[in-house]
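S.K.: From the sequence below, what's the structure:
(chains A and B)
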Amino acid sequence: EPEVTQTPSHQVTQMGQEVILRCVPISNHLYFYWYRQILGQKVEFLVSFYNNEISEKSEIFDDQFSVERPDGSNFTLKIRSTKLEDSAMYFCASRATGAYGYTFGSGTRLTVV
Amino acid sequence: GQQLNQSPQSMFIQEGEDVSMNCTSSSIFNTWLWYKQEPGEGPVLLIALYKAGELTSNGRLTAQFGITRKDSFLNISASIPSDVGIYFCAGPHDGAGSYQLTFGKGTKLSVIP
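M.R.: From the prediction side, this is the model:
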């Protein structure tokens, strides 16, 4: 079964440092997403990406966040200057055209210290 | 914004018992999705519902899209230990053509062997 792959699985970073979270979406999917889940809370939308540009973003996705599809397979989320409250699981997801059911990756656990 | 309310928040059941959980909203959703999340993993799509009144099964799981479009339930029959996890309902955000998902806070299921 096709998978969304995320690396690294865990990342610990110092406050103020930049981090890049990486994702390889399913190869024939065209729509890509980042969600995050603070420990014990619900999954929250960050950003959606299609045709090399952001289609929607939430209030959480401020100027500290950016996304990029640097090549034909990777999709990255960059946090420019991490804050303690950025600590969370970050999930990448992708979907096929016309389908609501995304496929999520296993997530990257980001800990900001 | 749109909110999804799930109940119960958590449940402990004996192996072999049937389980029922709910998701309600104050606003109409046109699609309901049920996801399961196991510890350290991303959400996995269980069932997608696209039409009011629709009843859909996936093995021991059955979900229904309420007639009012403001609720959905998920039933699990004859529970087994691997059913343990957090079950989330989700639906597309307001806005035509938006595929951004709003998630409920989840129902945490524990199965006692």
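S.K.: give me the beta-bridge partners of whatever residue of chain A ends up closest to chain B?
M.R.: Distances between chain A and chain B by Cβ to the nearest Cβ are smallest at residue A:104, namely 3.4 Å. (C-beta placed from N, C-alpha, C; glycine too.) Legend: beta-bridge partners of residue A:104 under DSSP bridges are residue A:93.
S.K.: Correct me if wrong: it contacts residue A:89.
M.R.: No. Using Cβ atoms under 8 Å, residue A:104 is not in contact with residue A:89; the gap is 10.4 Å.
S.K.: Check the offset of stretch A:34-43 from the chain's centre.
M.R.: Between the centre of stretch A:34-43 and the centre of its host chain there is 11 Å, according to Cα atoms, centre = their mean, to the nearest Å.
S.K.: Remind me which helix or strand the residue nearest the centre of chain A belongs to.
M.R.: Among the residues of chain A, the one closest to the centroid is residue A:34, at 3.3 Å (Cα atoms, centre = their mean). For residue A:34, the enclosing helix or strand under DSSP states H and E is strand A:31-37.
S.K.: Buried ones in stretch A:82-98, by neighbour count?
M.R.: Buried residues in stretch A:82-98, counted by 16 or more other Cβ atoms under 10 Å in any protein chain shown: A:82, A:86, A:87, A:88, A:89, A:90, A:91, A:92, A:93, A:94, A:95.
S.K.: ok, of those, which one's closest to residue B:101?
M.R.: Distance to residue B:101 across the buried residues of stretch A:82-98 (Cβ to Cβ) is lowest for residue A:93, with 8.7 Å.
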